[in-house]
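> just coords:
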């Protein structure tokens, strides 16, 4: 089995855009750098940024599918984040000091019957992942292709919001990695659990409109709504697309 790292993605502002990266330095017990570094708490949330809280506290694509059409570009040197949306245009702002600009910009695609976005929060030293531990997510290209075949249509891989895409796994073989450790480039990760998917995956990342019953297709074909797995970084190291992946134990 020859496995390779195909792509690396990060999501600087949770549920508000994605960007590919050419390399990443993984640190023990941390997320991919700048992944989910910030999150948008809604008005019904008591999230303050002093600790991790579940995703229900945030504005996200499962409730506001229009958010799924956002692309992102993070300038690490300046701390400014640029977001781009087919209907909203672009916005460049500082997530630490200009939350009001982001909230106003995204307001047209936020559903009126949902709690409105209120503020941006950040937990020091970790991203606001959907897991209560700092995780890195990964999935297999073959699993995506098989699901496309079952649904009889092309699907953007952006629907899954994964950090790492792996080439060389058989369909759904990533689930077999749970309980094992893998080496990617210089880093080592322990694969922990499956990712249970939500309605965000039903929205088209090009338009922000729900147009594919991904959850129904997974349930009908496989009896679950899982796609991808979560892992922890247990040995620091740099990773790059093209790196070999080794199952080490």
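Cool, the structure landed. Every value quoted in this text rests on a predicted model; they were computed, and no experiment measured them.

> Run through the residues that contact the residue nearest to residue 90 when sequence neighbours are not counted.
Of all residues not flanking residue 90 in the chain, residue 84 sits nearest, at 4.6 Å (CB to CB, 6 or more residues apart in numbering). No exception for glycine: its C-beta is placed from N, CA and C like everyone else's. Remark: with contacts taken as CB atoms under 8 Å, 6 or more residues apart in numbering, residue 84 is in contact with 17, 70, 71, 72, 73, 90.

> let's go with 10 Å and repeat that
17, 69, 70, 71, 72, 73, 90, 91, 92 (CB atoms under 10 Å, 6 or more residues apart in numbering).

> cool, residue 146 as well?
140, 170, 171, 172, 221, 222.

> list the contacts for the fifth one?
Read it as residue 221. The neighbours of residue 221, taking CB under 10 Å, 6+ apart as the test, are 146, 147, 150, 151.

> and what of the first one?
Contacts for residue 140 (CB under 10 Å, 6+ apart) come out as 3, 6, 146, 162, 165-175, 177, 227-229.

> make it 7 Å
Each residue near residue 140 by CB atoms under 7 Å, 6 or more residues apart in numbering is listed here: 166, 169, 171, 173, 174.

> From what I see, the third one and residue 143 are in contact.
Yes: the pair residue 171 and residue 143 qualifies as a contact (CB atoms under 7 Å) at a distance of 5.0 Å.

> okay, the two: which has more neighbours?
Neighbour tally, residue 171 and residue 143, criterion other CB atoms under 10 Å: the higher count belongs to residue 143, 22 against 15.

> Need phi/psi at that one.
Phi and psi for residue 143, reported as degrees, to the nearest 10, are phi -60, psi -40.

> center of this structure - which residue?
In the chain, the centroid-proximal residue (CA atoms, centre = their mean) is residue 161; its distance is 3.4 Å.
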